[in-house]
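Trainee: predicted structure and sequence below. I'll ask about it afterward.
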Amino acid sequence: MLIFLRVIYVFACAGAVLALVNSPQVPALITENKAVFFVALMLSTQVVTILDIIIPRKRLDVITSIYFGLLVGWLLAFQLHYAAQA
């Protein structure tokens, strides 16, 4: 179950980061270096996953709340960015 949650989190983050990197409203620096920013943002979102793997004994509800809390926070910030642009 924990591996499944990690994989879902990685795919959700990858989709959100890919949408951000390919967005027409990002600065020119990001559009010129899409691969670099994709890798950097993916690494920054996977810090929690790496910590999860390093720490062996933990409760599943704590891990789930951290993963989905970060994902929801990131997606809300992404949507707030679009709302501020309009």
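Mentor: Yep, that arrived.

Trainee: tell me the spacing between Pro27 and Leu60.
Mentor: Per Cβ to Cβ, to the nearest Å, Pro27 is found 39 Å from Leu60. Quick note: C-beta positions are derived from backbone N, CA and C, even for glycine.

Trainee: can you map out the helices along this structure?
Mentor: 2-21, 28-32, 34-45, 47-54, 60-85 (DSSP state H).

Trainee: how about the ones you listed in CSV, adding mean neighbour count?
Mentor: CSV is the format used below for these (neighbours: other Cβ atoms under 10 Å):
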stretch, mean neighbour count
helix 2-21, 15
helix 28-32, 11
helix 34-45, 14
helix 47-54, 13
helix 60-85, 12
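
Trainee: just put those in TSV and tack on mean pLDDT.
Mentor: Formatted as TSV, these follow (pLDDT from 0 to 100):
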stretch	mean pLDDT
helix 2-21	90
helix 28-32	86
helix 34-45	92
helix 47-54	84
helix 60-85	86
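
Trainee: can you tell me the centre-most residue of the protein?
Mentor: For the chain, Cys13 is the residue whose C-alpha lies nearest the centre (Cα atoms, centre = their mean; 3.5 Å).

Trainee: spatially nearest residue to that one (excluding sequence neighbours)?
Mentor: Nearest non-adjacent residue to Cys13, counting by Cβ to Cβ, 6 or more residues apart in numbering: Thr45, 4.2 Å away.

Trainee: where's the one you found relative to Arg57, distance?
Mentor: Counting by Cβ to Cβ, the gap from Thr45 to Arg57 is 24 Å.

Trainee: one more: Glu32?
Mentor: 44 Å.

Trainee: repeat for Pro27
Mentor: The gap separating Pro27 from Arg57 is 42 Å, by Cβ to Cβ.

Trainee: out of the two, which sits in the busier spot?
Mentor: Neighbours were counted for Pro27 and for Arg57 using other Cβ atoms under 10 Å; Pro27 has more, 8 against 4.
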